[in-house]
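Peer 1: structure for the following, please:
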Amino acid sequence: MPTPLLSLHVELSGIEPAIWRHLVVPADLTLPQLHEALQVAMGWHDMHLHEFRLQGRDYGVPDPGGAYGAPLTDEAGVVLAEALGGATAFRYLYDLGDGWLHEITVSPYHGVPRVSSAPFCVEGANACPPEDSGGPIAYADFVEAITDPAHPDHPAMVDWHGQDFDPQAWAITTTNRHLKKLQQAWKHQKLNRG
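Peer 2: All right, here's what the predicted structure looks like:
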């Protein structure tokens, strides 16, 4: 019997216009795999720590010294469907300094897959903020400055970012191509372990 698929609506909190993705994943995905899929789907580069909040429990990669906040449940080996326990929403926090909170709603996926297997992206909107752009408020300031050549901070923002930035630029074909590569890497890892 094929693995059930889950539909995840992922939206960055505190951003207007909304930055979101509609992602389809296997229900038996582990949380570390989900983290990788979210990084790819949103456009992050996995440069920072992350946490999941599911059913009142925080999952992530525990700090062995315990110096960085409340203890986390180790996400290794935790299966998404089991951690959800029937819940229809959870949170994913990326970059604890910038505080990129992703609100995720979950439902069963009943559609026809657009690619051969999951994970894949069905739709979405707007570019991911650049890494280290400071969180939602700082990102709004960044967008204002970098998209307006007359803005006094425009040259500094272009210099910091290294190029122009289009906050509406996002391509589903590129996202799905990267998700397909991720899926192939998981298959390769599984074969090497098996």
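
Peer 1: pretty sure Ile137 sits in a helix.
Peer 2: Yes - Ile137 sits within a helix when classified using DSSP: H, G, I helix; E, B strand; the rest coil.

Peer 1: just give the nearest non-adjacent residue to it, would you?
Peer 2: Closest residue in space to Ile137, ignoring its immediate chain neighbours: Gly14 at 7.7 Å, by C-beta to C-beta, 6 or more residues apart in numbering. For glycine as for every other residue, the C-beta is placed from the backbone atoms N, C-alpha and C.

Peer 1: can you show me the helices along this protein?
Peer 2: Along the chain, the stretches classed as helices by DSSP state H are 31-42, 80-84, 136-146, 154-161, 172-193.

Peer 1: can you read off the pLDDT for the spatially closest residue to Gln168 that is not a sequence neighbour?
Peer 2: Leaving aside its sequence neighbours, Gln168 sits nearest to Asn126 (C-beta to C-beta, 6+ apart; 5.7 Å). As predicted, Asn126 sits at a pLDDT of 98.

Peer 1: can you pull the contacts of Asn126?
Peer 2: 15, 17-20, 167-168, 170 (C-beta atoms under 8 Å, 6 or more residues apart in numbering).

Peer 1: what's the distance between it and His9?
Peer 2: Plainly put, Asn126 is 14 Å away from His9 if you go by C-beta to C-beta, to the nearest Å.

Peer 1: likewise for Ala185?
Peer 2: In this view, Ala185 and His9 are 25 Å apart by C-beta to C-beta.

Peer 1: go through the lowest-mean-pLDDT helix or strand in the chain and flag the buried ones.
Peer 2: Lowest on mean pLDDT, DSSP states H and E among the helices and strands of the chain sits helix 172-193, with a mean of 90. By 16 or more other C-beta atoms under 10 Å, the buried positions in helix 172-193 come out as 172, 175-176, 178-180, 182-183, 186.

Peer 1: got the contact list for that helix?
Peer 2: If you take C-beta under 8 Å, 6+ apart as the criterion, helix 172-193 is touched by 21, 33, 36-37, 40-41, 43, 114-115, 117-121, 123-124.

Peer 1: those, buried ones only, as a PyMOL selection?
Peer 2: The buried subset of the contacts of helix 172-193, as determined by 16+ other C-beta under 10 Å, is captured in PyMOL by this line:
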select buried, resi 21+33+36+37+40+41+43+118+119+120+121+124
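
Peer 1: of the contacts of helix 172-193, closest to Val158?
Peer 2: The shortest gap between Val158 and any of the contacts of helix 172-193 belongs to Gly43, at 19.2 Å (C-beta to C-beta).

Peer 1: quick check: phi and psi at that closest one.
Peer 2: Backbone torsions for Gly43, taken as degrees, to the nearest 10, come to phi 110, psi 10.
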